[in-house]
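>>> Predicted model and sequence below, questions to follow.
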Amino acid sequence: MSVHVKKRADYQPPAFLISTVNLTVNLHPTATRVVSVLTINRQGDHNKPLVLDGDKLTLKSLLLNKNDFSDFTLSDEGLTINTDEDTFELEIHTEIDPKNNKALEGLYLSGGAYCTQCEAEGFRRITYFMDRPDILAVYTVTVVGDTDLPMLLSNGNPVDKGQIDDGKHFVTWHDPHPKPSYLFALVAGDFDLLSDTYTTMSGKEVALELYVDKGKKAQGHFALASLKRAMKWDEDVFGLEYDLDIYMIVAVDFFNMGAMENKGLNVFNSKFVLAEQASATDDDFFNVESVIAHEYFHNWTGNRVTCRDWFQLSLKEGLTVFRDQQFSADMTSPLSNRIKHVRVMREHQFAEDASAMSHPIRPDEVIEMNNFYTVTVYDKGAEVIRMFHTLLGPEGFRRGMDEYIKRHDGQAVTCDDFVAAMQSATEIDLSHFALWYSQSGTPEISLSHQFNAQTGKHNFTLSQTTPATADQATKQPLYIPVAIEIIDEDGNQYVDEQGLINNGLIILDTPSLSFSVSATTEKLTPVLLGNFSAPVKVDNPLETDGLLTIFTHGKDPFNRWDAMQTLYSRCISALYDDVTAPIEASLWTDLESAIKSEQGNLELLGECLVIPTFETLCQTRKDIDVARLVAARNQFCLLFAQQLSKVLNHIFLHIDTGDYAYNQSAVIARRCKNVILAHLARLPEFEHVVVSQFDNADNMTDSLGALKAAQYTRVFETLMARFETQWCHDALVLDKWFALHATQPKDDILATITMLSEHPQFSLGNPNRVRSLVGSFAFYNSEKFHALDGSGYKFVTDYLLKLDGINPQVAARIVTPLTQWQGFNADHQQLMKAQLARLLNHKGLSKDLFEKVSKSLA
Ligand code: 0A1
Ligand code: ZN
């Protein structure tokens, strides 16, 4: 297959600019007509032709300065216009087929509604255009549709509407803010509408409109309230105010990602809009609020200031994820948010960096841009922004942000521009720090510690190294802010003699650095990477007593949680070596007292009782034998439940979750209770507790908590059947049920998944369904996905071969676990690669899958 690798270094400024776009879209399921009138200006002194991108379009006619025009060439990739005009108007008539657009890029049908998805390169599936983010134009859009599509929406403000004939009407929209084509949107359908208003800090009233499927209005109130909280927060924290008269959000069922920040008209996966007590878990509520906020925050970080080219994606995504994380922390709690994000980093981003898809947060080479909406660009990108925030402090960061917006409002810029704006707000030289944008891989920091009893001095050496990655063989030392505490057994804090530790932070910007501490005690415990101050792995060689000292006396709650995670991971390692190995009795008494001591802090306790997932455990291990690691983890969980059941049950019985409410203390209480229930459920004598919670739950968090716990009991299948009967009408709830089925490590799991894919609610064309069934199996059913007869790998591959012809973007996401073979032992690797080779040999493989599969076999 012919593939084109795009390189960041090859960026060329556009040869032409497009200042205005006048679109008329006449909707029809299989033959939508699009008329695009563009005002175009040549840039500089050259005689290059105008090259427009286009994909799956039928060109009907072309006019230049209102005359028929024929001096053009057409290819699969676009349209080349040969003209020597410098300023001209181009009118392009095309036809497209939304109904048969199953890739869900460009204009497509979701249920009965038309909607668009243009990021990253979907606008070229609607009309011929310079489909790149540095072409900023003012759009006027007329949507023409049948009257059974009462709502005709596009970006900006409505400026005209009317009846065309009996069966057709139109609405014209004008967006005064120049924008890149990826922010274009159009929606047409018959929805239920929730309306509200928001008065901005300067007193302007903004209409808020939320469009949901008919009958789902009650599930939209929380999203609308979240939007108002996000608008207020951005004013309070960043002084950023909304800039149009209307803000619309539409929820659709068929969507490849979470949501999309189209100017003034966000399109959302319904999963991130709809939420009410009976059918949504606390996590769902949380996710709705954070995705609503994320898309809203893009209005400034993404839309008003956008990316020059797609290599700069983290400019808007890393920054906006950081902003939504800060918002969520303010709305809920900093600790549980931080732990949530660190879990994502450790489970998914570290895995990506260890794989053939490793790339810096600002990638250098791309075949298919859709493959770069990654945990690296988004989540590691947000960690890099967080480090700016740590280094500059909240005020310095705010000054940098103000400067960034002041300099670049209305422009398409680069990550370097962002760094330069931050630099203007601090004395710290950020040039070394900026290496985080170009160097991939997960740095590993380690600490060595020697005590000299004669001098009473503790010498510490902190070192960093970044292992080579698939994309970069050599690595340089990074500029790493490491939050650090040095404590003794009673929790007294110590400072270093060199004064390298300032306000609990040490800057590690060389391969290693040393410092010393004077103390009479031999037992000093260094506590590293408070609040996960940098996206790195840590090797801090502490014994159990050191970890328990951190748990008991550490100042930073993140470190306290992390110490427990390390402790559990150590125990699992011992069981990996020998699953029958005894665990020292003192560990259980220590854990029991640790648990008792935190009874009053259910947030930390709930998180500390979570055993690291299989995926997290993989990130600190090599040459993994999956069955052994799964067995070791299971054995540890069983011992944990057996040894600690008394104290856990005692706490379980004393947690009062009260009447249902979605507020912080209630969420924390439910979370802790359900974590404990999942432990207790491993013991037969607690089966009735699981059933009783399932029977009595008045909210989805507790129902699903009971159902998940039930997987360790004999009643699982019965409860699953009851759940299905109760929820078979609600696709979003059934997704949870599909996912829970798919993650069962039972022998006939492949037959079960095949059967479920014939369920009336299942559809291969719907990304949410595919992700919940097949995605959950590939990502989270480690035991059966990695079965050593190769059946799990083959099953997923067979499925991907079917899916790739329908929706390559989703197929390329689900292939991820298959490409991450590096940590597993040779038996696994061989089987995984055999299936990757099958994919690679497949005729007509999409660019999306080709890029990931070929890299992982290289
Ligand atoms: N910009 C959106 C995410 C998004 C990206 C690509 C999409 O289709 C290929 C859709 C949405 C966000 O960050 O929320
Ligand atoms: Zn985003």
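Received, thanks. Ligands and ions are numbered 1, 2, ... in the order given.

>>> if I pick the residue of the stretch 1-150 of the chain found nearest ligand 2, what's in contact with it?
As assessed by C-beta to the ion, ligand 2 sits closest to E119 within the stretch 1-150 of the chain, at 8.9 Å. In this view, the C-beta of every residue, glycine as well, is placed from N, C-alpha and C. By C-beta atoms under 8 Å, 6 or more residues apart in numbering, the residues touching E119 are Y182, L183, M260.

>>> among those, which are in strands?
Judged by DSSP state E, the contacts of E119 include M260 as members of strands.

>>> Of the contacts of E119, which is the most crowded?
Most neighbours among the contacts of E119, by other C-beta atoms under 10 Å: L183, with 26 neighbours.

>>> That one and ligand 1: what is the separation?
Distance, L183 to ligand 1, using C-beta to the nearest ligand atom, to the nearest Å: 9 Å.

>>> L639 and ligand 2: what is the separation?
42 Å (C-beta to the ion, to the nearest Å).

>>> The helix or strand where R338 lies packs against which elements?
With elements taken from DSSP states H and E, the one containing R338 is helix 334-344. Applying 3 or more C-beta pairs under 8 Å, 6 or more residues apart in numbering; DSSP states H and E, one finds that helix 334-344 contacts helix 313-331, helix 557-577, helix 602-608.

>>> nearest to ligand 2, of these?
helix 313-331 (4.8 Å).

>>> List the buried residues in that closest one.
Of the residues in helix 313-331, 313-329, 331 count as buried by neighbour count, 16 or more other C-beta atoms under 10 Å.

>>> Kindly report the same for stretch 785-804.
785-787, 790, 792-797, 799-801, 803-804.

>>> what's the farthest-apart pair in those residues?
A787 and D804 (23.1 Å; C-beta to C-beta).

>>> Just give the number of residues close to the nearest residue to K596 once chain neighbours are set aside.
Leaving aside its chain neighbours, K596 sits nearest to V647 (6.2 Å; criterion: C-beta to C-beta, 6 or more residues apart in numbering). If you count neighbours by other C-beta under 10 Å, V647 ends up with 18.

>>> any idea whether V647 is helix, strand or coil?
helix (DSSP: H, G, I helix; E, B strand; the rest coil).

>>> which ones are touching it?
So V647 contacts E592, I595, K596 (C-beta under 8 Å, 6+ apart).

>>> ok now the host helix or strand of the second one, how far from the chain's centre?
Counting by DSSP H and E, the element that carries I595 is helix 585-597. When C-alpha coordinates are averaged (C-alpha atoms, centre = their mean, to the nearest Å), helix 585-597 and its chain have centres 36 Å apart.

>>> what do you get for stretch 783-797?
The answer for stretch 783-797 is 26 Å, by C-alpha atoms, centre = their mean.

>>> Next: stretch 461-473.
On C-alpha atoms, centre = their mean, the centre of stretch 461-473 falls 25 Å from that of its chain.

>>> can you list the weak-confidence ranges in this protein?
1-2 (pLDDT under 70).

>>> So which bits of it are right by ligand 1?
Counting by C-beta under 6 Å from any ligand atom, the chain comes close to ligand 1 at 117, 119-120, 256-261, 294-295, 317, 370, 373.

>>> give the contact list for the nearest residue to G145 once chain neighbours are set aside.
In space, and not counting its chain neighbours, G145 is closest to L27: 4.4 Å by C-beta to C-beta, 6+ apart. Shown in contact with L27 (C-beta under 8 Å, 6+ apart): P98, Y114, V143, V144, G145, D146, L149, A188.

>>> Nearest to Q642, out of the helices and strands packed on helix 334-344?
helix 557-577 (13.7 Å).

>>> Specify the angle between the closest one and helix 585-597 in degrees.
On the basis of axes from the mean of the first three to the mean of the last three C-alpha atoms, to 10 degrees, helix 557-577 is oriented at 150 degrees to helix 585-597.

>>> Name the residues that touch helix 557-577?
Contacts for helix 557-577 (C-beta under 8 Å, 6+ apart): 335, 338-339, 342, 485, 527-532, 542, 544, 547-548, 550-551, 554, 581, 583, 587, 594, 604, 607-608, 611-612, 616-617, 620-621, 628-629, 631-633, 635-636.
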